[in-house]
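Peer 1: Below is the structure, and that's it, no one-letter string:
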């Protein structure tokens, strides 16, 4: 529990550019639990993840409030990216949590999965969608936490450089 609180505090500090948003609190009673959303879907099945490891040809990220997007088309980068997805099911998250972007998984030119990426204020996970409805929800792995922290840091550097005229 202390680790979750510490991780939330660290994340809030890293995301200081969004300081006007109130950080969600950890649920301690039934009233607070009602302020959470549970996608009530299973984790991405291992066989689906394995199919992506074997067959994915492209991964795209579109970030909602960051000054860049990411595209990966080489197999080592794609598989490294798939390691950002924990095999653990995502539990309930605060109602106020919003995704930072969307990830698209392609096989042979066709988008086979889309996932909203949550990485702010104690909300860390992937929610896979089919026709905008959640079908799977996974936590972000430890390597994923480092990856997204780095992405946020790079965005902050770009923002600072722009403000300083660089």
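Peer 2: Ah, there it is. On a predicted model such as this, the values are computed, not experimentally measured, just so you know. Numbers count the residues shown, from 1 in each chain.
Peer 1: any idea of the mean pLDDT for the longest strand anywhere in the chain?
Peer 2: With secondary structure taken from DSSP state E, the chain has its longest strand at strand 110-120. Strand 110-120 carries an average pLDDT of 96.
Peer 1: repeat for stretch 66-78
Peer 2: 93.
Peer 1: who's in contact with that stretch?
Peer 2: 56-63, 81, 100-101, 151-152, 154-155, 158-159, 162 (CB atoms under 8 Å, 6 or more residues apart in numbering). Backbone N, C-alpha and C define where each C-beta goes, glycine included.
Peer 1: elements contacting the longest strand of the chain?
Peer 2: Packed against strand 110-120 by the contact rule (3 or more CB pairs under 8 Å, 6 or more residues apart in numbering; DSSP states H and E) you find helix 46-55, strand 101-107, strand 123-130, helix 142-163.
Peer 1: buried set for the second one?
Peer 2: Taking 16 or more other CB atoms under 10 Å as the basis for neighbour counts, the residues of strand 101-107 that come out buried are 101-103, 105-106.
Peer 1: cool, and stretch 54-70?
Peer 2: Buried positions in stretch 54-70, judged by neighbour count with 16+ other CB under 10 Å: 56-61, 63, 66.
Peer 1: can you redo these as JSON lines with distance to residue 37?
Peer 2: Below are the buried residues of stretch 54-70 laid out as JSON lines (distance: CB to CB, whole Å):
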{"residue": "56", "distance to residue 37": "28"}
{"residue": "57", "distance to residue 37": "33"}
{"residue": "58", "distance to residue 37": "30"}
{"residue": "59", "distance to residue 37": "26"}
{"residue": "60", "distance to residue 37": "26"}
{"residue": "61", "distance to residue 37": "23"}
{"residue": "63", "distance to residue 37": "21"}
{"residue": "66", "distance to residue 37": "23"}
